[in-house]
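[1] Need the 3D shape of this:
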Amino acid sequence: MYIHVCLCRHNWPRKSSCSMMGSISKPITEFCLDLYNKLNENAADTNIVFSPTSISVTLALLHLGAKNNTAAQIEEVLHVRKAAGRMSLGSDLESAAPEMEPERSQERQSSLSQCNKDGDLNHKAFQALLLQLQNLGESYVLTLANNLFLQQGFEFRQQFLMCAKELYGAMLEIVDFQGALEATRIKINSWVESETQGKIKDLFAPGVINIDAVLVLVNVIYFKASWEHKFEEQKTVQRDFKLNQNEKKPVQMMYQKGMFKLGYIEEISAQVLELPYAQKSLSMIILLPSDMADGSTSGLEQIESTMTYENLMLWASSEHMFETTVEVYLPRFKLEGMFKLNEVLQELGMTDIFSDSKADLSAMSFSKSLVLSNVVHKTYVEVNEEGTIAAAGTGAVVVGRSLPLTEVFMADHPFLFFIRHNPTNTILFFGKLCSP
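    This is a model prediction of the structure:
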């Protein structure tokens, strides 16, 4: 059985408040940094890309079915326990509720109140964020989808199914890992490929799922947008990208000169550039360490070692960036990230849900033996002259400085980047480019 969240296909209400969103964007960003640090532990010279929003929403959906310590561990990993007091979005949910007959509306609100069970994860906050992300306007395509594939024969609690549908736009379907494993694998892969416009193929290779699987979780996010100011293709030329102190590789380097928001972080000697997408609802933020005289990449490590939530928000805040004429050199690139997140999530503290003896998913199913088998996340990001196509299948002070008339932003060595939903300050994608 699978849960399918596809925001682009639901006629959900358009009215909701941006002002409440900061409360959920902070936990998502803190989870993002935790995840990046784990994935980066043995990946010094390796590209990384993932969607913290997609994975956070998926774990929140799982939380609906969890109880006791299993639920508490998910809350800890998602950083929502300490944020609970700031995640009250009840009024926002009411304003977002579609117009309906008073009796039906009252019944719906009553049923939704049952979904916000004891604990510190406010599902209404996630619902309100999803409402924002599915109403980006005609300039964007954003599909956020989550699937829970569960073995037939398990009996599910109607409360869980109702809450998953109402809060996360979820639909469910029975699959049979035991009797039709290969057909189920193909079905999952076909769905993922369809939802990501063909960008993510063969998410599950043969043998990854076995007949003992009872629950496989997949999340995908697909995003396509054009730059507010497009790069002219005829100005793209071949230049060297410095992989490290000794190696270079030729890349297609895009170029444009225009007005952009730029910041300089003196303490870690790095530039911050904001490249807005059409209508400026979303932006790509690039953290570029200064090009070391010896060609080393130690600047990237310096950014990573000081990249707390507070610093990241400070570095990328509009208040600490200035609009100026910038010559932007940015490589065309395509990144793919494929992660099995079981081990990472357990290292972050989500251990019980994977344990036969400790998992408590009793809010999801009457079965006492239900455990989480796999969490797989795959991401695709493509940046070119037109804009970005992205899909996924989870203390320093900023100062101004005296500037020449034109600033140069030369991204010809490793850098970090993230795609941000500006109204809510939520990070949709986060990555490191070491080798275009």
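
[2] Now do the same contact list for the nearest residue to residue 341 once chain neighbours are set aside.
    Closest residue in space to residue 341, ignoring its immediate chain neighbours: residue 375 at 4.2 Å, by Cβ to Cβ, 6 or more residues apart in numbering. For every residue, glycine as well, the C-beta is placed using N, CA and C. Contacts for residue 375 (Cβ atoms under 8 Å, 6 or more residues apart in numbering) come out as 58, 217, 340-342, 345, 394.

[3] can you do 6 Å?
    By Cβ atoms under 6 Å, 6 or more residues apart in numbering, the residues touching residue 375 are 217, 341-342.

[4] For it, list each beta-bridge partner.
    Residue 375 forms beta bridges with residue 217, as assigned by DSSP bridges.

[5] any idea how far it lies from residue 191?
    For residue 375, the distance to residue 191 equals 17 Å [Cβ to Cβ, to the nearest Å].

[6] out of the contacts of residue 375, who has the most neighbours?
    Counting neighbours by other Cβ atoms under 10 Å, the top entry in the contacts of residue 375 is residue 217, with 25 neighbours.

[7] gap between it and residue 179?
    With distances taken as Cβ to Cβ, residue 217 is found 21 Å from residue 179.

[8] so where's the longest helix in the chain?
    Identified as the longest helix of the chain according to DSSP state H is helix 22-39.

[9] which strands and helices sit next to it?
    Counting contacts by 3 or more Cβ pairs under 6 Å, 6 or more residues apart in numbering; DSSP states H and E, helix 22-39 packs against helix 52-63, strand 426-433.

[10] Just the angle for the longest one relative to strand 426-433, thanks.
    So that's helix 52-63. When axes from the mean of the first three to the mean of the last three Cα atoms, to 10 degrees is applied, the directions of helix 52-63 and strand 426-433 differ by 120 degrees.

[11] Which elements pack onto helix 52-63?
    Right, helix 52-63 is packed against helix 22-39, helix 68-77, strand 215-226, strand 426-433 by 3+ Cβ pairs under 6 Å, 6+ apart.

[12] Alpha carbons only: can I get the second one in CSV?
    Provided in CSV are the C-alpha atoms of helix 68-77 (Å, rounded to 0.1, in the frame of the first residue of the first chain):
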residue,chain,number,x,y,z
ASN,A,68,5.3,6.7,22.2
ASN,A,69,9.1,6.6,21.9
THR,A,70,9.0,6.0,18.1
ALA,A,71,7.1,9.2,17.6
ALA,A,72,9.3,11.1,20.1
GLN,A,73,12.4,10.1,18.1
ILE,A,74,11.0,11.4,14.9
GLU,A,75,10.2,14.7,16.6
GLU,A,76,13.8,14.9,17.9
VAL,A,77,15.3,14.2,14.5
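
[13] got the contact list for it?
    In contact with helix 68-77 (Cβ under 6 Å, 6+ apart) are residues 59, 63, 81, 119-121, 348-350, 352-353, 359-360.

[14] Also the longest one?
    Among residues not part of helix 22-39, those counted as contacts by Cβ under 6 Å, 6+ apart are 48, 52-53, 56, 78-80, 83, 86-87, 125, 129, 309, 344, 348, 424-427, 430.
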